[in-house]
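Visitor: predicted model and sequence follow; I will ask about them next.
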Amino acid sequence: MKTEADLPIDVLQQGLLVWYDASGRSLPWRLRPEDRAAGKIADPYAIWLSEIMLQQTTVPHATPYWFKFLERWPTIHDLASADEDDVFAAWAGLGYYARARNLLACAKVVSAGGGDFPTDEAALLALPGIGHYTAAAIRAAAFNLPASVVDGNVERVITRLCAIPDPVKKSKPVIRRIAAALASPDRSGDYAQAIMDLGATVCTPRSPSCEACPWQSACAAFAEGRPGHYPVKGAKIARPVRRGVGFAVFRDDRIWLRKRPAKGLLGGMLEVPSTDWRTEGWQKAEAGKAAPLDVDWTVKATIDHVFTHFSLEMTMWRAEADADWVPETGSWYRVDQIDALALPSVMKKAIRAAL
């Protein structure tokens, strides 16, 4: 295994930046070197928005959402004054909905402070939804300040460059130390984006394009002839399965939905009510006690949905509500408008299964 002491730091920095100048991605929120040379100034709001969206998804998937958000809420003040349900609805499909809650909370804090994002790392970390990676990315990309960004792409590049023998989870402190040693203090913004691009487009998880890599000559994994061996995988942990019964209540062309609690999984978003999600299955009589209506339910399809830490199997029950049934909470929504609602994908899937 190599350490930072074994690496030609200056040569690697220069080689990566030369590669980036010629081959780096052009992204709508990014300032390319030629943009900086032309005197263009980065938009911290647009960069922050892109970084939050990209935390758990890919550039092709996130980009249309980024454009949609900027069109609807072109400034941090516009987003800060947005209705929560509207933000959730615009976010639907990006997943990890706590990010949408934090997005709105962060916008309110920054807007209340005048609308300018702080440049200090500690101040950025104090904002809702901003961790060490996002703070570093904003400092580098928005303000061209020295910062070492370490996301999944960077972790893969560093583990291959140095042939780190331990799984990423165990070797994170070593990876961060080496990444910090490699970061360029002169072209901080370009370097941060360059090393992420290297991982995203060249040093890919499968079939890396080593022939196009500016770090090939120093790469320990390439020298070993097995770049695909890294990062070393840890022991695979089986994802547990939880089971539940969902209750879809219809009246004519409408469905009754309610809001989930503000905190917790899918917090603050619309849902079809359901039993608890637990390991063991549900008997019909037991599930019926959790139903919002005491009627004859029709058992429909069972949906499967994968969350980060567990998989869900939810059997959908359907019922038609009488005109005199008035629920204590929730509202009625037209079924043909569910795609425009603040519904997580699992709930859209559940509704379609009950139709």
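Guide: Received the coordinates, thanks. Residues are numbered from 1 along each chain as shown.
Visitor: so where do the helices sit in the stretch 1-150 of the chain?
Guide: For the stretch 1-150 of the chain, the helices defined by DSSP state H, counting those that start in this stretch occupy 9-23, 33-37, 44-53, 59-72, 76-80, 84-91, 98-112, 121-125, 132-143.
Visitor: mean pLDDT and mean neighbour count for those - can I get that in TSV?
Guide: Backbone N, C-alpha and C define where each C-beta goes, glycine included. Below are these laid out as TSV (pLDDT from 0 to 100; neighbours: other Cβ atoms under 10 Å):
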stretch	mean pLDDT	mean neighbour count
helix 9-23	96	16
helix 33-37	85	13
helix 44-53	96	23
helix 59-72	96	15
helix 76-80	98	19
helix 84-91	91	18
helix 98-112	95	19
helix 121-125	96	15
helix 132-143	94	23
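Visitor: residues in contact with residue 314?
Guide: The neighbourhood of residue 314, defined by Cβ atoms under 8 Å, 6 or more residues apart in numbering, consists of 243, 244, 245, 246, 274, 277, 302, 303, 305, 346, 350.
Visitor: mind checking the SS state of the fourth one?
Guide: Assigned by DSSP: H, G, I helix; E, B strand; the rest coil, the conformation of residue 246 is strand.
Visitor: just the ones of the contacts of residue 314 in strands?
Guide: Using DSSP state E, 243, 244, 245, 246, 302, 303, 305 are the members of these that sit in strands.
Visitor: contacts only, for residue 200.
Guide: Contact analysis of residue 200 by Cβ under 8 Å, 6+ apart lists 25, 59, 153.
Visitor: show me what contacts the last one?
Guide: With Cβ under 8 Å, 6+ apart as the criterion, the residues that contact residue 153 are 195, 196, 198, 199, 200, 203.
Visitor: repeat for the first one
Guide: Residue 25 sits next to 59, 197, 200, 201 when contact means Cβ under 8 Å, 6+ apart.
Visitor: now, among those residues, which is nearest to residue 317?
Guide: residue 59 (39.7 Å; Cβ to Cβ).
Visitor: quick one: the closest residue to the closest one other than its chain neighbours and residue 183, what's the gap?
Guide: Distances taken as Cβ to Cβ, 6 or more residues apart in numbering place residue 27 nearest to residue 59, at 6.6 Å, with adjacent residues excluded. Here the criterion is Cβ to Cβ, to the nearest Å. By it, residue 27 lies 20 Å from residue 183.
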